[in-house]
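Colleague: Next input, structure requested:
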Amino acid sequence: MRYDILTIFPQFFESIFSLGILNKAREKGLFEIYTHDVRSFSDDKHRTVDDSPYGGGSGMVMTPEPLGRAIESTKVEGLKCVVILTTPQGERLSDKVARELSRYDQIILVCGRYEGIDERVREIYVDREISIGDYVLSGGEYAASVIIDAVSRFIPGVLGNEGSPYDDSFVDGLLEYPQYTRPEEYKGKRVPQVLLSGNHQEIAKWRRKESIKRTFLRRPDLLDRANLKKEDFQFLKETRRQNPPSFRVYVALVHYPVYNKRFKIVTTAFVNLDIHDISRAARAYGIKVFFLVQPSREQQRLVERVLQHWMEGPGSSFNPTRVEALKLVRIKNSLDEAIKEIEQIEGVRPKVVVTDARPRENTIGYSELKERIFGGTEAYLLLFGTGWGIANEVMESADFALKPIEGLTDYNHLSVRSAASIILDRLFSSKI
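Modeller: Numbering: from 1, shown residues only. Okay, the predicted model is just below:
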């Protein structure tokens, strides 16, 4: 393996690979690192490698000629080569990407600078664009260093124990289990007894469970790609039970005030399936109460009959789990009544979040709302509309309007119970 780094600061790399495991690996000849000053490929007597962007704007752009010549001159014929541009716009560097790159014979790393490189270099020469995170650095040299370190660990012989990179975090899609060494006790904290037992089978089981638990608690987003066995799912279920959600979220299905097809304010009729499906989704995702906002007394009586059948009548023995979900349902005459009940439970007024299939100004995304819910202490009330949507007076008085659900087609006519399930999953899923 050889790395060729194209940079305007080759001295940047003089010390960074001169220490530790990577330096020893270089001395053993397991890989080679060459740095190339892009300025030496410039025809300009001032060794210029950048110019102002066409169309105006701040900053400078790296010109195509020096970079193109540098890439062409460093490619070694006969080697399986990949040209990588380090850029915040690239695919995220991951353990999987590092393993893929370790199978090449030559990696050419183009370190971007200023406002970036001329787009034609990207189109003509670059095979892959890689980012090390959603932030901007002063130059691509930092990212190139990270890529070389991550990739080199998978080159046979670089690490003392060749199995090490396959036991670390992200292999198998999970974070690594906790590690301990001597002494057995430190400031009152002891090494888990199983690690001292000498029973390798039990140690392996403990490590697997700790790895799953740590991933669930710290990076649940990784679980979707994790290679989980049947017994792992059971352990995850126990872990979720032992670590219940800390958020305080309520949902309401609004039957008034909503629009009809002519955009007049009306009261809509309840739909049996909405009550069943939204209450089941609410129970699955940890919602505290599911309010039905329905001012019609006649409609309320119909809902009460449905609830009585499933919670006290024949339905309760036929399907006990349905009882568990329908226990969350509260019928309210108005949205204000629902908010007052939450205030009584929580001691504070909840933040109101409206949902709508139509695009609106100043909407909040799912990731941001999730961060607010999980990162704060406030209670939230999510509103789902019936008919042709919640009335503007409610929409405009809400604290947040969630972005509409959109697929990859132009069809946008989901049922409210489908939309509610999708939104709850995006906000409260355990990621598997």
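
Colleague: And the closest residue to residue 364 other than its chain neighbours, what's its pLDDT?
Modeller: Leaving out its chain neighbours, the residue that sits closest to residue 364 by C-beta to C-beta, 6 or more residues apart in numbering is residue 400, at 4.6 Å. Any C-beta I mention is one placed from the backbone N, CA and C, and that applies to glycine too. Note on residue 400: pLDDT of 97.

Colleague: Longest strand in the chain, please.
Modeller: Counting residues, the longest strand found in the chain (DSSP state E) is strand 81-92.

Colleague: Quick one: list the elements packing against that one.
Modeller: Counting contacts by 3 or more C-beta pairs under 8 Å, 6 or more residues apart in numbering; DSSP states H and E, strand 81-92 packs against helix 95-101, strand 106-111, strand 128-131, helix 141-152.

Colleague: how far is that strand from where the chain is centred?
Modeller: Computed by C-alpha atoms, centre = their mean, to the nearest Å, the chain-centroid distance of strand 81-92 equals 20 Å.

Colleague: Would you mark the buried spots in stretch 270-286?
Modeller: 270-271, 274-283, 285-286 (16 or more other C-beta atoms under 10 Å).

Colleague: what residues does that stretch touch?
Modeller: If you take C-beta atoms under 8 Å, 6 or more residues apart in numbering as the criterion, stretch 270-286 is touched by 244-245, 247, 249, 251, 253, 255, 287, 290, 292, 294, 299, 302-303, 306-307, 322, 324-326, 328-329, 384, 386, 415-417, 420-421, 424-425, 427-429.

Colleague: how close does the residue nearest to residue 143 when sequence neighbours are not counted get to residue 113?
Modeller: Excluding the flanking residues, the one nearest residue 143 by C-beta to C-beta, 6+ apart is residue 86, at 3.8 Å. Distance, residue 86 to residue 113, by C-beta to C-beta, to the nearest Å: 10 Å.

Colleague: just to revisit the earlier point, quick one: neighbours of the residue nearest to residue 364, just the number.
Modeller: 17 (other C-beta atoms under 10 Å).

Colleague: Just the buried residues of the longest strand of the chain, please?
Modeller: 81, 82, 83, 84, 85, 86, 87, 88, 90.

Colleague: you'd agree residue 50 is up against residue 117?
Modeller: No - if you go by C-beta atoms under 8 Å, residue 50 and residue 117 don't touch, sitting 9.3 Å apart.

Colleague: Overlap of the contact sets of the two?
Modeller: Residues touching both residue 50 and residue 117 (C-beta under 8 Å, 6+ apart) are 61, 62.

Colleague: More neighbours: the two, which one.
Modeller: Neighbour count, other C-beta under 10 Å: between residue 50 and residue 117, residue 117 has more, with 25 against 19.

Colleague: Enumerate the beta-bridge partners assigned to the more buried one.
Modeller: Judged by DSSP bridges, the bridge partners of residue 117 are residue 62.

Colleague: what's it in contact with, if anything?
Modeller: 61, 62, 64, 67, 85, 110.

Colleague: now residue 78
Modeller: So residue 78 contacts nothing (C-beta under 8 Å, 6+ apart).

Colleague: that's a strand at it, yeah?
Modeller: No - counting by DSSP: H, G, I helix; E, B strand; the rest coil, residue 78 falls outside a strand, being coil.

Colleague: Which per-residue confidence value corresponds to it?
Modeller: The model reports residue 78 with a pLDDT of 97.

Colleague: count of residues packed around the closest residue to residue 51 other than its chain neighbours?
Modeller: Excluding the flanking residues, the one nearest residue 51 by C-beta to C-beta, 6+ apart is residue 63, at 5.4 Å. Other residues lying near residue 63 total 18 when counted by other C-beta under 10 Å.

Colleague: can you give me phi and psi for residue 63?
Modeller: Here is the backbone geometry of residue 63 (degrees, to the nearest 10): phi -70, psi 150.

Colleague: Figure out the length between the terminal residues of stretch 46-64.
Modeller: For stretch 46-64, the first and last residues are 16 Å from each other (C-alpha to C-alpha, to the nearest Å).

Colleague: still on that earlier bit, go ahead and confirm the residue nearest to residue 51 touches residue 53.
Modeller: No - the criterion here is C-beta under 8 Å, and residue 63 misses it with residue 53 at 10.8 Å.

Colleague: about what we covered before: looking at the buried residues of strand 81-92, spot the one nearest residue 145.
Modeller: residue 86 (9.6 Å; C-beta to C-beta).

Colleague: what residue lies at the spatial centre of this structure?
Modeller: residue 221 (5.2 Å; C-alpha atoms, centre = their mean).

Colleague: ok, residue 150 touching residue 98?
Modeller: Yes - counting by C-beta under 8 Å, residue 150 touches residue 98, with 4.0 Å between them.

Colleague: Show me where the stretch 101-250 of the chain has its helices.
Modeller: 119-125, 141-152, 164-167, 200-218, 230-242 (DSSP state H, counting those that start in this stretch).

Colleague: Make CSV out of the ones you listed and add mean neighbour count and mean pLDDT.
Modeller: CSV is the format used below for these (neighbours: other C-beta atoms under 10 Å; pLDDT from 0 to 100):
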stretch, mean neighbour count, mean pLDDT
helix 119-125, 15, 97
helix 141-152, 21, 97
helix 164-167, 14, 66
helix 200-218, 16, 95
helix 230-242, 13, 94
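
Colleague: mind putting these in CSV, distance to residue 345 included?
Modeller: As requested, these are arranged in CSV below (distance: least, C-beta to C-beta, whole Å):
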stretch, distance to residue 345
helix 119-125, 55
helix 141-152, 48
helix 164-167, 46
helix 200-218, 27
helix 230-242, 23
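
Colleague: Between the ones you listed, which one is closest to residue 23.
Modeller: Residue 23 sits nearest to helix 141-152 of all the helices of the stretch 101-250 of the chain, at 10.8 Å, using C-beta to C-beta.
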